[in-house]
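In: Quick one, structure for this:
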Amino acid sequence: MSLSFAPASATSIPLFVLESGSVEAFLAEQPDRVRQWVTTLGFSGALGSAVVIPSEDGHIAMALAGYGTDEQRRRGRFHLAGAAAKLPAGAYHIESGVASDQLAVEALGWLLQGYRFDRYKAAPAQKALLVAPNGIDARQVEIIAAGEKLARDLINTPSSDMGPDALETAAQDLADQHGAEMRVVVGDDLLAQNFPMIHAVGRASDEAPRLLDISWGKTGPKLTLVGKGVCFDTGGLNIKPGSSMGLMKKDMGGAANVLGLAHMIMALGLEVQLRVLIPAVENAIDGSAFRPQDVLSARNGMTVEINNTDAEGRLVLADALVFGAEDAPDLMISMATLTGAARVAVGPDLAPFYADDGFANAIGRSAETCADPVWRMPFHAPYERMIEPEIADLDNAPSGGFAGSITAALFLRRFAGDTRYAHFDIYGWQPTALPGRPKGGVGQGIRALLEGLPGILKG
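Out: Alright, predicted model coming up:
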């Protein structure tokens, strides 16, 4: 299933996008039969509504999509996607009613409305297709949709089919698609090559832990993406209750998101030297599992006291961040489904991030432009003391429960060294279906990053 525009055609159906207050003026310029038809059906321009108008020979002459009010649109995104789901089969072109600066976003939303996760159960395809609007970069929109689809598919796949082995295969497939190089360090080789915390977290699983390392591009700034690839998280010996374990197939959402973003960057041919690092593990339980009160040493020699084996994502990311920093990138970004505290703070819809002012300003602008909301959180230095226990350099799970997302970000920053660094504590899951976003895995922050990269790398 590809998320693509319909071929341009002289027979495509004109779609008029009407705000709630503009229907009457539109109908005043239409023939009596059109006015009567639309009035009879009760079309009022409500957001997400749609109606088709037949020609005299029984075919579809035109279609109307409701665009609601400014206030309603401010409370959501991908507004035409809701109408697309209600339209009958056919190829449609937007005749009028969408501002030029919103065409690309609305077109992307229409494509994403067609997403189906059908690996295990057949799902009917969306019938209404969109002809790419004039004035947008259709190829770029399709590439972005494909990157989003990749992230969603990886997250939605259950751990029985998306363990460390399968995640490695998915990463290798992406590397092969774009002519990138990939190196993998697996199992006890992690110890031999000094990735001790990745090994410690993943050693209890039947599938060996590993570090995936993709490189692409020879010119431009060095950009390193680090994604948490915990393919399932039992919580380790501090085992999660069943209610908390139910969504843990998505604990590799950071890896899925950086792979989706990597696809966008490589397919668009951006002039960057891209590197993607993914520590891929399963936090399982057996006699070899790491324990509470263990003290682990990281790749950079820092010691970490384990006060909760369920705070494992920051441990595997730590080794990967140290490794990434050794190459002196111009920018390193980590993405992870890291803390429940972030969800309490901003809910599931926002992607909270930690970064310097230049990064924050650039991505704030790009997030608004491409309808991919993010929210800046602080690297609050006074909380550093909360991650410093008595017997080791760092504590992986400070007691008390306060500022859990901030302390996790501060923990990770210790391993980025002097590298310019940003961290996203994402959720990676859409809990209820909305236009363009069915319930399930979802990309967060990656479209904003793609849009903002030129400004971010300059700043």
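
In: for the closest residue to Ser49 other than its chain neighbours, what are its contacts?
Out: Leaving aside its sequence neighbours, Ser49 sits nearest to Gly66 (Cβ to Cβ, 6 or more residues apart in numbering; 3.6 Å). In short, each C-beta sits where N, CA and C put it, glycine included. Going by Cβ atoms under 8 Å, 6 or more residues apart in numbering, Gly66 touches Leu18, Ser20, Phe43, Ser44, Gly45, Ala46, Leu47, Gly48, Ser49, Ala50, Ala83.

In: Give me the local confidence score for Gly66.
Out: At Gly66, the pLDDT value in this model is 98.

In: same check, this time on Gly401
Out: Looking at Gly401, the pLDDT reads 83.

In: Let me know how buried it is, in neighbour terms.
Out: Here the count is done by other Cβ atoms under 10 Å, and Gly401 has 10 residues near it.

In: swap in Gln72?
Out: 16.

In: next one: Ser160
Out: 9.

In: so how far is Trp37 from it?
Out: For Ser160, the distance to Trp37 (Cβ to Cβ, to the nearest Å) stands at 51 Å.

In: residue ranges of the helices in the stretch 1-150 of the chain, please?
Out: Secondary structure of the stretch 1-150 of the chain, counting by DSSP state H, counting those that start in this stretch: helices at 23-28, 32-41, 70-74, 79-84, 103-113, 138-156.

In: any idea which of these is most buried?
Out: With neighbours defined as mean count of other Cβ atoms under 10 Å, the helices of the stretch 1-150 of the chain peak in mean count at helix 79-84, which reaches a mean of 26.

In: Outside of it itself, list whatever touches it.
Out: With Cβ under 8 Å, 6+ apart as the test, helix 79-84 has contacts from 17, 47-50, 65-68, 73, 94, 98, 106, 109-110, 112-114, 126, 128, 130, 435-436.

In: elements contacting the lengthiest strand in the chain?
Out: Secondary structure of the chain per DSSP state E: the longest strand is strand 273-283. Packing partners of strand 273-283 (3 or more Cβ pairs under 8 Å, 6 or more residues apart in numbering; DSSP states H and E): helix 164-178, helix 196-202, strand 210-216, strand 222-227, strand 229-233, helix 253-268, helix 313-325.

In: Distance from the chain centre to the helix or strand containing Ala408, please.
Out: Using DSSP states H and E, Ala408 sits within helix 404-413. Computed by Cα atoms, centre = their mean, to the nearest Å, the chain-centroid distance of helix 404-413 equals 20 Å.

In: cool, and stretch 314-330?
Out: Remark: stretch 314-330 is offset 21 Å from the chain centroid, using Cα atoms, centre = their mean.

In: go on, stretch 150-158?
Out: 10 Å.

In: Mind checking the pLDDT average for it?
Out: Stretch 150-158 carries an average pLDDT of 98.

In: now stretch 83-103
Out: On average, stretch 83-103 scores 96.

In: Excluding sequence neighbours, find me the nearest residue to Ala11.
Out: Just so we're on the same page, residue 11 is Thr rather than Ala. Distances taken as Cβ to Cβ, 6+ apart put Ala91 closest to Thr11, at 7.4 Å, once the chain neighbours are dropped.

In: Tell me how many other residues crowd that neighbour.
Out: That count, for Ala91 with other Cβ under 10 Å as the rule, works out to 16.

In: let's number from 37 now, not from 1
Out: Let's use 37 as the start, then, which means that last one is Ala127.

In: Next up, the contacts around it.
Out: Ala42, Pro43, Ser45, Thr47, Ser48, Ile49, Leu165, Leu166, Val167.

In: Give me the subset of those residues that lies in strands.
Out: Taking DSSP E, the ones among those that sit in strands are Ile49, Leu165, Leu166.

In: Most neighbours of all those residues, which one?
Out: Going by other Cβ under 10 Å, Leu166 tops these with 26 neighbours.

In: That residue pairs with what?
Out: Tyr128 (DSSP bridges).

In: Kindly provide the distance from it to Val177.
Out: Computed with Cβ to Cβ, the distance linking Leu166 and Val177 is 10 Å.

In: any common contacting residues for those two?
Out: Phe41, Ala143, Leu147.

In: ok, the second one to Tyr128 distance?
Out: Right, the one you point to is Ala143. Ala143 is 11 Å from Tyr128, by Cβ to Cβ.

In: what touches both of those two?
Out: In contact with both Ala143 and Tyr128: Leu166, using Cβ under 8 Å, 6+ apart.

In: what's the one helix or strand Ala381 maps to in contact with?
Out: Here Ala381 sits within helix 376-382, counting by DSSP H and E. Residues from elsewhere that reach helix 376-382, judged by Cβ under 8 Å, 6+ apart: Pro388, Trp411, Met413, Gly437, Ala439, Gly440, Ser441, Ile442, Ala444, Asp461, Ile462, Tyr463.

In: The residue nearest to the second one when sequence neighbours are not counted: neighbour count?
Out: Computed as Cβ to Cβ, 6+ apart, the closest residue to Trp411 that is not its neighbour in sequence is Leu386, at 4.5 Å. As a burial measure, Leu386 scores 18 neighbours (other Cβ under 10 Å).
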